[in-house]
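Colleague: What follows is a predicted structure for the sequence shown.
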Amino acid sequence: MKKMWVWAAMACTLAACNEKPGYTITGSVNNPSLDGQYVYLYPYGEREAAPLDSALVSGGTFTFQGSQDSTVLRTVRFATGVVPSAYAAAGENAPFAVTFALSNAPIQLTLDTLSDAVGTPMNEAVQQLKAEFRTLRAAQQKLAADLKSEDEAVRRAAEQQYDETDRTIARKADAFIRANMDNPLAGKLFFDFRYDIPEAAQNEIAAVSTPTFRAVPGIDKILTRLENLKTVAVGKQFTDFELKDMKGNPVKLSDYVGKGKVVLVDFWASWCPPCRREMPNLVALYKEYKSKGFEIVGVSLDSKQEAWEKGVKDLHITWPQMSDLAGWQNAGAAKYFVNSIPHTILVDGNGVILAKNLHGDELKEKVAEALK
């Protein structure tokens, strides 16, 4: 009888040893109207990929089970059209969707207007960072009234505070990425903040990136862009291009740059709120330094002539303008690999790039320094 118990114990031990480790994803959906719908598990960053698994939402919950050979990024979301698309701030997920690090462990997902994933150290680390983002963004929302104030001083102060908060969020993302290179979610953050983290900082991150980081979908395109940007980096001679002025006449950047003046090349568009917020600073800067050897050249990413003209008039722009009315396919923007606006390039009298993406007081100080 004793031997039978020994053999039974050994059999249980062997079964446990041979059992394949796996994950259990439990999720909650904070929207009763989505009960009865299916959520799908997708590989992150593959637009045309078929779902890897599906689960029915019942009673506001769902479950996935499986096994994973290594930690990977996965996205859980509803089918296209089930949930209306909406804006997601950098570092956040689209409503009722979540991207997370999947490994063989229990993971808990919450699908809501702001969706979360917890349950492993990698996911928990990002969740803590997102909590900091949300606190900062909540403070930004309190500036809404001041941002619309008719009192210019109040409005400008709110704009500066709002922009500084954006920079603080980007710095926190930067610091997290550098400290968590072996967490694939750091790669996702780098992709999400590719418009917010300064170019110089992105190059520093690229220099210390790990294979795990570089394997995240989309990172290869960012690294390629950073290499391309080195051709128009600070210290390089400007790259010329030809567009048309507001009357339809051909005009080259070299008609203004490299002629002895310090020139600010401002990539903007009438439909761009941050561009419009920054424009009063440029108007004041131009008024102060135009007679001292300073010029601005606007490169508009508008696609309609009337919108471009109206923007110039409404924003009191008096400096030369260039465009091909091709929107984001603007030939000048392509030469400088511009993927967000406003985008500024400051060039000295000899055509050498002095600085990029300066705004407000930083830009004013750099212009004053260049004109000395």
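Modeller: Perfect, thanks for sending it. Numbers count the residues shown, from 1 in each chain.

Colleague: Could you give the average pLDDT over the longest helix anywhere in the chain?
Modeller: Criterion DSSP state H: the longest helix present in the chain is helix 152-179. Mean per-residue pLDDT for helix 152-179: 93.

Colleague: same check, this time on stretch 295-309
Modeller: Mean predicted lDDT for stretch 295-309 stands at 97.

Colleague: Point out where this protein drops to low pLDDT.
Modeller: Filtered on pLDDT under 70, the chain yields the residue ranges 1-19.

Colleague: quick one, helices of it?
Modeller: Under DSSP H, the chain gives helices at 2-18, 121-141, 144-147, 152-179, 184-192, 199-207, 211-214, 219-229, 273-289, 305-314, 331-335, 360-371.

Colleague: any idea which of these is most buried?
Modeller: helix 184-192 (a mean of 24; mean count of other CB atoms under 10 Å). Yep, even glycine has a C-beta here, placed from its N, CA and C like the rest.

Colleague: And the residue nearest the centre of the chain, how far from residue 85?
Modeller: Closest to where the C-alpha atoms of the chain average out (CA atoms, centre = their mean) is residue 193, at 3.3 Å. The gap separating residue 193 from residue 85 is 21 Å, by CB to CB, to the nearest Å.

Colleague: Over to residue 301?
Modeller: From residue 301 over to residue 85 the distance is 23 Å, taken as CB to CB.

Colleague: next one: residue 172
Modeller: With CB to CB as the criterion, residue 172 and residue 85 are 27 Å apart.

Colleague: Kindly report the same for residue 276.
Modeller: Taking CB to CB, one finds residue 276 at 25 Å from residue 85.

Colleague: now swap in residue 327 and tell me
Modeller: Distance from residue 327 to residue 85, by CB to CB: 20 Å.

Colleague: Compare the two (neighbour count), which wins?
Modeller: Using other CB atoms under 10 Å, the more surrounded residue of residue 327 and residue 85 is residue 327, with 15 against 9.

Colleague: Wait, the more buried one touches residue 303, no?
Modeller: Yes. Judged on CB atoms under 8 Å, residue 327 makes contact with residue 303 at a distance of 4.2 Å.

Colleague: got the contact list for residue 268?
Modeller: 275, 279, 298, 299, 300, 301, 341, 342 (CB atoms under 8 Å, 6 or more residues apart in numbering).

Colleague: between these, which has the most around it?
Modeller: residue 300 (31 neighbours).

Colleague: tell me the contacts of it?
Modeller: 268, 269, 270, 308, 311, 321, 322, 323, 325, 330.

Colleague: So for stretch 44-61, first residue to last residue, what's the gap.
Modeller: Distance between the two ends of stretch 44-61: 22 Å, counting by CA to CA, to the nearest Å.

Colleague: contacting residues around residue 341?
Modeller: 267, 268, 269, 272, 274, 275, 301.

Colleague: right, I mislabeled it, should have said residue 283
Modeller: 315, 316, 317, 318.

Colleague: any chance of those residues in a markdown table, plus neighbour count and distance to residue 46?
Modeller: Shown next, in a markdown table, are the contacts of residue 283 (neighbours: other CB atoms under 10 Å; distance: CB to CB, whole Å):
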| residue | neighbour count | distance to residue 46 |
| --- | --- | --- |
| 315 | 18 | 41 |
| 316 | 12 | 47 |
| 317 | 20 | 43 |
| 318 | 12 | 48 |
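
Colleague: got the CA coordinates for stretch 238-245 in PDB?
Modeller: Extracted as PDB, the C-alpha positions of stretch 238-245 are listed here (Å, rounded to 0.1, in the frame of the first residue of the first chain):
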ATOM      1  CA  PHE A 238      21.300  73.800 -45.300                       C
ATOM      2  CA  THR A 239      19.600  71.700 -48.000                       C
ATOM      3  CA  ASP A 240      17.900  73.700 -50.800                       C
ATOM      4  CA  PHE A 241      14.400  73.100 -52.200                       C
ATOM      5  CA  GLU A 242      12.000  74.800 -54.600                       C
ATOM      6  CA  LEU A 243       8.300  75.500 -54.000                       C
ATOM      7  CA  LYS A 244       6.000  78.400 -54.900                       C
ATOM      8  CA  ASP A 245       5.200  81.600 -53.200                       C
END
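
Colleague: List the buried residues of that stretch.
Modeller: By 16 or more other CB atoms under 10 Å, the buried positions in stretch 238-245 come out as 238, 239, 241, 243.

Colleague: was I right about the last one contacting residue 325?
Modeller: Same thing as residue 243. No. When contacts are counted by CB under 8 Å, residue 243 is not listed as touching residue 325 (9.1 Å).

Colleague: still on that earlier bit, among the buried residues of stretch 238-245, which one lies nearest to residue 214?
Modeller: residue 239 (27.8 Å; CB to CB).

Colleague: Right, I'll call it a day here.
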